[in-house]
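K.L.:
Quick one: sequence and predicted model below, then my questions.
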Amino acid sequence: NAGVTQTPKFRILKIGQSMTLQCAQDMNHNYMYWYRQDPGMGLKLIYYSVGAGITDKGEVPNGYNVSRSTTEDFPLRLELAAPSQTSVYFCASSYRDSNQPQHFGDGTRLSIL
Amino acid sequence: GIQVEQSPPDLILQEGANSTLRCNFSDSVNNLQWFHQNPWGQLINLFYIPSGTKQNGRLSATTVATERYSLLYISSSQTTDSGVYFCAVTTGANSKLTFGKGITLSVRP
């Protein structure tokens, strides 16, 4: 089992560019999440999904979009990259609901210049 | 929303020493997890412990849900234990993990 796989691991963008961060899990988990981690801070939830076709906003959703067309994949899109979006992005998944442990990918380090 | 406070914010240990990391939370929780973020940035899931006590090798954790705190014990610390330790919780039907700010642990040889 690969668990939660995130691609790319590193990326540098110019202001105004767009990109999609990929996240895939092979554990047949229903719930998937996107977090961002700023330097010296804990993680903050951007968006989450409780199943294919269902997504909802987290604490810091502005500037991001998500979709969930399959159980396995949960991509995160940045439409107009801004310096404030420089961060490390983590994808996570859990089985069924919030009462199960969340499993995290290795993260994507994104710099906006 | 729920508040998660971790203490101390920083901890420096000599290799072989024991330590206790604390996590306080402001409301009832139905999920509590401890994570170790290693120097490469990877988040390692240490414990899923909404209540009770668990042990895994040199690490153990106790959550006293009625008193709204959790403790992570590290015994005979090693340099590989260095990194940031996060406590994270969910409440009610909310599936969103709320993280504390973390405890930075440095273990010196």
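P.N.:
Received, thanks.

K.L.:
Give me the below-cutoff pLDDT ranges for chain A.
P.N.:
Counting by pLDDT under 70, the low-confidence segments of chain A come to A:1, A:97-98.

K.L.:
switch the cut-off to 90
P.N.:
By pLDDT under 90, the low-scoring segments of chain A are A:1-2, A:39-42, A:79, A:95-102.

K.L.:
got the residue ranges for the helices in it?
P.N.:
With DSSP state H, there are no helices along chain A.

K.L.:
Taking the centroid of it, which residue is nearest it?
P.N.:
The centre of chain A sits closest to A:Trp34, judged by CA atoms, centre = their mean, with a distance of 3.0 Å.

K.L.:
For it, which residues are in contact?
P.N.:
A:21, A:23, A:45-48, A:58, A:64, A:66, A:74, A:76, A:89-92 (CB atoms under 8 Å, 6 or more residues apart in numbering or on different chains). In short, each C-beta sits where N, CA and C put it, glycine included.

K.L.:
Residue numbers of chain B in contact with chain A?
P.N.:
B:4, B:30-31, B:33, B:35, B:41-43, B:45, B:48, B:50, B:86, B:88, B:90, B:93-97, B:99-102 (CB under 8 Å from any CB of the partner chain).

K.L.:
Just give the number of residues close to residue 83.
P.N.:
I'll assume chain A. Residues lying near A:Pro83 (other CB atoms under 10 Å in any protein chain shown) number 10.

K.L.:
Actually, chain B is the one I wanted.
P.N.:
Considering only other CB under 10 Å, B:Gly83 is surrounded by 22 other residues.

K.L.:
isn't it right up against B:Trp40?
P.N.:
No. Applying CB atoms under 8 Å, one finds B:Gly83 not in contact with B:Trp40, separated by 9.1 Å.

K.L.:
My guess is A:Gly51 contacts A:Met32. True?
P.N.:
No. If you go by CB under 8 Å, A:Gly51 and A:Met32 don't touch, sitting 9.0 Å apart.

K.L.:
Need the residues touching each of those two.
P.N.:
Overlap between the neighbourhoods of A:Gly51 and A:Met32 consists of A:Arg68, taking contacts as CB under 8 Å, 6+ apart.

K.L.:
Give the residue from those two that has the larger number of neighbours.
P.N.:
Relative neighbour count places A:Met32 above the other of A:Gly51 and A:Met32, with 27 against 13, counting by other CB under 10 Å.

K.L.:
so who does the more buried one touch?
P.N.:
A:23, A:25, A:48-49, A:68, A:74, A:91-93.

K.L.:
Without its sequence neighbours, what residue ends up closest to residue 79?
P.N.:
Since no chain was named, I'll use chain A. Counting by CB to CB, 6 or more residues apart in numbering or on different chains, A:Glu79 lies nearest to A:Ser18, which is 5.1 Å off, once chain neighbours are set aside.

K.L.:
You answered for a different chain; I wanted chain B.
P.N.:
Nearest residue to B:Thr79 in three dimensions, chain neighbours excluded: B:Val107, at 5.0 Å (CB to CB, 6+ apart).

K.L.:
thinking that neighbour is in contact with B:Ser77, fair?
P.N.:
Yes. The pair formed by B:Val107 and B:Ser77 meets the contact definition of CB under 8 Å, at 4.7 Å.
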